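Student: whatever this is, show me its structure:
(one chain, ligands or ions: 3)
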Amino acid sequence: MSSDPISTMVSRNLCTGCGACAGAFPDLIRMIDDPVNGRRPVVEASPEGRRAAEDARSWCAGATTTWHDLDRSDAIDRDWGPVLAAWEGWASDEEIRHRGSSGGAVTALADFALSSGAADGVAHIAARADDPRLNEAVISRDRAGLLRGAGSRYAQASPAESLGTIAGGDENVAFIGKPCDVASAHKAMQTDATLASKVPLTIAIFCAGAPNLVATDRLLDRLGVPKDGNLVDLRYRGEGWPGLMQAEWIDGDGTRHVSEGISYAEGWGRVLQSDRRWRCRVCSDHTGAFADISVGDPWHAPPGGDTDAGRSLIVARTARGKAFVEAAIRAGALIAETRRRDVIARAQPNLRATHGAVWGRRAAMRLLGLPAPRDRGQGLLRLWLGLPLRGKMQSFAGTWKRVIRERLWRRVRIAGLAR
Ligand SMILES: Cc1cc2nc3c(=O)[nH]c(=O)nc-3n(C[C@H](O)[C@H](O)[C@H](O)COP(=O)(O)OP(=O)(O)OC[C@H]3O[C@@H](n4cnc5c(N)ncnc54)[C@H](O)[C@@H]3O)c2cc1C
Ligand code: SF4
Ligand code: SF4
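Tutor: Ligands and ions are numbered 1, 2, ... in the order given. I've put the predicted structure just below:
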């Protein structure tokens, strides 16, 4: 029997791991943590499983997105997706600001969604209590729940698993995720009007790529966590800006230990980023073009140390996103100042170059007979043409080398986590 469409997405390296398909059909499609290939869906091998996978395709943005309907009027919008307005700011709640990844703006906006009555719940991810190396999709209804998710987790996570619960429930739920998670949520809402009516707001975090579990385990080694230690906490960011990567574990005698904290620069640069999935390297939206609001680090004005008071870059992508940020500022939930719309380019120069390289990487894949994602109407060729000659050549040559080194023509097979 030929493979179903969701399993094909996984095996051909097109799946981002957002979890929307599993959220739509939780009894027939489930997400599995594969240490190398990431958190990916596995479809029940039955006619019902196949039918579910066929239906779930309409919620999946892994292979295709459409940018034609996004409101883009000038060069900034064409480079980054709609940028209606931008701010630099932080949560007025000191604990949220401190625990947040940059300035806690995402958690502050989520908390304001709850306190203002705009949402009854907020769908986001949090570290699993039984194994903090892994993440779970949760819906929080209070500040304490939201704080569980504060701080970026540079690891696999599938927040769109909550979309099915939202569609089947009777609450309004705001949605937080990476750009690929929000792209699937956006696609699902376009297909399912009932779901759309229950999601009052989407917030995307900027994302350069999600490392796999092998990378997380390497981080734990670097932090000196013994293999037989019972891991009880693992932080990648937060507790200041950009924050330290740090773990806590309990040894066989019941003594709690706190590891050394290593800098974000070391942890991301030397330990984690090399194990981002291939799908992330051909991702063309690292800043959440499909969200109402997207939030990242204002790297154009970097912190002086590792645990400074945090600041977030906040971008309104839609009119409702802009109105929501303005209301949060008026209510005092968010302290923020407006910035020129081109601040996104100054804050994330590396991501613009990455978007440009993606056209070359995908073209090289297609020349080699490999499937590549399509983002219709985004205009990636224009970004690629703007790269220096060296960058253009590198996007092709680097892809060819990687295809050979990682044998990317082979089908990806998902194996569950050995426990
Ligand atoms: C894998 C990864 C790569 C990133 N790359 C960049 C980058 O290149 N440039 C940049 O400016 N910023 C990047 N960020 C985002 C940045 O670290 C901050 O998350 C962002 O600035 C928001 O900070 P905050 O303090 O406002 O959010 P917080 O208040 O800390 O809230 C963060 C929210 O993000 C959610 N979240 C955390 N990890 C994940 C995950 N893995 N998947 C889905 N949701 C998650 C949490 O549930 C929480 O709701 C990345 C984040 C991740 C997870
Ligand atoms: S919906 Fe998300 S998890 Fe499912 S196949 Fe598509 S990209 Fe992968
Ligand atoms: S780089 Fe793109 S595909 Fe990868 S996790 Fe981030 S948003 Fe998703």
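Student: from here on, contacts and neighbour counts on C-alpha atoms
Tutor: Fine.
Student: ok, the nearest residue to residue 148 once chain neighbours are set aside to residue 149 distance?
Tutor: Leaving aside its sequence neighbours, residue 148 sits nearest to residue 126 (Cα to Cα, 6 or more residues apart in numbering; 5.9 Å). Between residue 126 and residue 149 the computed distance is 4 Å (Cα to Cα, to the nearest Å).
Student: now swap in residue 242 and tell me
Tutor: 16 Å.
Student: among those two, which residue is more densely surrounded?
Tutor: Per other Cα atoms under 10 Å, whichever of residue 242 and residue 149 has more neighbours is residue 242, with 29 against 23.
Student: farthest residue from the center of this protein?
Tutor: residue 253 (37.6 Å; Cα atoms, centre = their mean).
Student: that one in helix, strand or coil?
Tutor: coil (DSSP: H, G, I helix; E, B strand; the rest coil).
Student: give me the pLDDT for it.
Tutor: With respect to pLDDT, residue 253 scores 95.
Student: which strands and helices sit next to the helix or strand encompassing residue 338?
Tutor: Of the helices and strands defined by DSSP states H and E, residue 338 is found in strand 334-339. Applying 3 or more Cα pairs under 8 Å, 6 or more residues apart in numbering; DSSP states H and E, we find strand 334-339 packed against strand 85-91, helix 105-115, helix 319-330.
Student: relative to ligand 3, which of these is closest?
Tutor: helix 105-115 (16.2 Å; Cα to the nearest ligand atom).
Student: tilt between the closest one and helix 319-330?
Tutor: Interaxial angle of helix 105-115 relative to helix 319-330 (axes from the mean of the first three to the mean of the last three Cα atoms, to 10 degrees): 90 degrees.
Student: how far out from the middle of the chain is helix 105-115?
Tutor: When distances are taken as Cα atoms, centre = their mean, to the nearest Å, helix 105-115 is centred 18 Å away from the chain's centroid.
Student: does the helix or strand following it come close to ligand 1?
Tutor: Downstream of helix 105-115, the first helix or strand assigned by DSSP H and E is strand 121-127. Yes. Strand 121-127 comes into contact with ligand 1 (Cα under 6 Å from any ligand atom), by way of 124-126.
Student: which other helices and strands contact strand 121-127?
Tutor: Packed next to strand 121-127, using 3+ Cα pairs under 8 Å, 6+ apart, are helix 105-115, strand 135-140, helix 143-149, strand 173-177.
Student: just name the most buried of those.
Tutor: The highest mean neighbour count among the helices and strands packed on strand 121-127, using mean count of other Cα atoms under 10 Å, belongs to strand 173-177: a mean of 28.
Student: just checking the helix or strand that that strand is followed by against ligand 1, any contact.
Tutor: Moving toward the C-terminus from strand 173-177, the next helix or strand (DSSP H and E) is helix 179-191. No. Counting by Cα under 6 Å from any ligand atom, ligand 1 has no neighbours in helix 179-191; the shortest distance is 7.3 Å.
Student: just the CA atoms of helix 179-191, as CSV, please.
Tutor: Extracted in CSV, the C-alpha atoms of helix 179-191 (Å, rounded to 0.1, in the frame of the first residue of the first chain):
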residue,chain,number,x,y,z
PRO,A,179,6.2,30.7,12.4
CYS,A,180,5.6,27.2,11.0
ASP,A,181,3.2,26.4,13.8
VAL,A,182,1.3,29.7,13.1
ALA,A,183,1.3,29.0,9.4
SER,A,184,-0.5,25.7,9.9
ALA,A,185,-2.9,27.4,12.3
HIS,A,186,-3.6,30.1,9.7
LYS,A,187,-4.2,27.5,7.0
ALA,A,188,-6.4,25.5,9.4
MET,A,189,-8.5,28.6,10.1
GLN,A,190,-8.8,29.4,6.4
THR,A,191,-10.3,25.9,5.9
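Student: skipping adjacent residues, who's closest to the residue of the stretch 101-250 of the chain found nearest ligand 2 in space?
Tutor: Residue nearest to ligand 2 within the stretch 101-250 of the chain: residue 184 (6.6 Å; Cα to the nearest ligand atom). Once flanking residues are discounted, residue 184 sits nearest to residue 61: 4.7 Å by Cα to Cα, 6+ apart.
Student: confidence score at that neighbour?
Tutor: 98.
Student: start to end distance for stretch 264-278?
Tutor: 22 Å.
Student: starting at the chain centroid, how far to it?
Tutor: With Cα atoms, centre = their mean, you get 15 Å for stretch 264-278.
Student: and stretch 368-386, does that touch ligand 3?
Tutor: No. Shown here: stretch 368-386 not in contact with ligand 3 (Cα under 6 Å from any ligand atom), separated by at least 10.3 Å.
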